[in-house]
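Engineer: Quick one, what's the 3D model for this:
(one chain, ligands or ions: 1)
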Amino acid sequence: MKVLIVDDSNSIAMVVGQMLKTAGYEVERAKDGKDAINVIKENSNIEVVLLDWNMPEMDGLEFLQYNLEHKIVNGPIIMMTTENKPEKIMKALENGASEYIMKPFTQDVLITKIESVTTGGE
Ligand SMILES: [Mg+2]
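Structural biologist: All right, here's what the predicted structure looks like:
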């Protein structure tokens, strides 16, 4: 399964990418929402998107809104956030995020979260 990490932080993208590769996932990375649009166009087999909130060019919420209009993501989007404010989490969910995960997170939490959104969730 291929996962796209969308995060402007190289170090976070590296750490999260390593967690995913160790667990057997394939990884693509984009540095902001605009970059993510291009990476998705070149990789039709991306099944999960891990999306940062705060990024230059196009942030996570703007990317969600772009996707609502253009439907480029085939699969769940998990918002990665340092924001634990309920209204921000609600806003992400209202704009098409399937789940959210609080930074910093462990590999176990990340994999459990990805499995929960990719196995039907019943
Ligand atoms: Mg960021």
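Engineer: name the helices or strands packed onto the longest strand along the chain?
Structural biologist: In the chain, assigned by DSSP state E, the strand with the most residues is strand 46-52. Applying 3 or more CB pairs under 8 Å, 6 or more residues apart in numbering; DSSP states H and E, we find strand 46-52 packed against strand 2-6, helix 33-42, helix 60-70, strand 77-81, helix 107-118. (Glycine included, C-beta is placed from N, CA and C.)
Engineer: what lines up beside the fourth one in the sheet?
Structural biologist: So the one you mean is strand 77-81. Note on strand 77-81: by DSSP bridges, its sheet partners are strand 46-52 (parallel), strand 99-102 (parallel).
Engineer: Okay, angle between the longest one and helix 60-70 too, please.
Structural biologist: The one in question is strand 46-52. 140 degrees (axes from the mean of the first three to the mean of the last three CA atoms, to 10 degrees).
Engineer: Which residues are in contact with the spatially most central residue of the chain?
Structural biologist: Residue closest to the average C-alpha location in the chain (CA atoms, centre = their mean): L50, at 1.4 Å. Contact analysis of L50 by CB atoms under 8 Å, 6 or more residues apart in numbering lists 3-7, 16, 78, 80, 101.
Engineer: about what we covered before: and the ion, is the longest strand of the chain touching that?
Structural biologist: Yes: counting by CB under 5 Å from the ion, the ion has neighbours in strand 46-52: D52.
Engineer: got it, and stretch 88-105?
Structural biologist: No: using CB under 5 Å from the ion, stretch 88-105 stays clear of the ion, coming no nearer than 9.1 Å.
Engineer: measure E57 to the ion for me?
Structural biologist: From E57 across to the ion, the span is 11 Å (CB to the ion, to the nearest Å).
Engineer: Quick one: neighbours of that residue, just the number.
Structural biologist: By other CB atoms under 10 Å, 13 other residues sit near E57.
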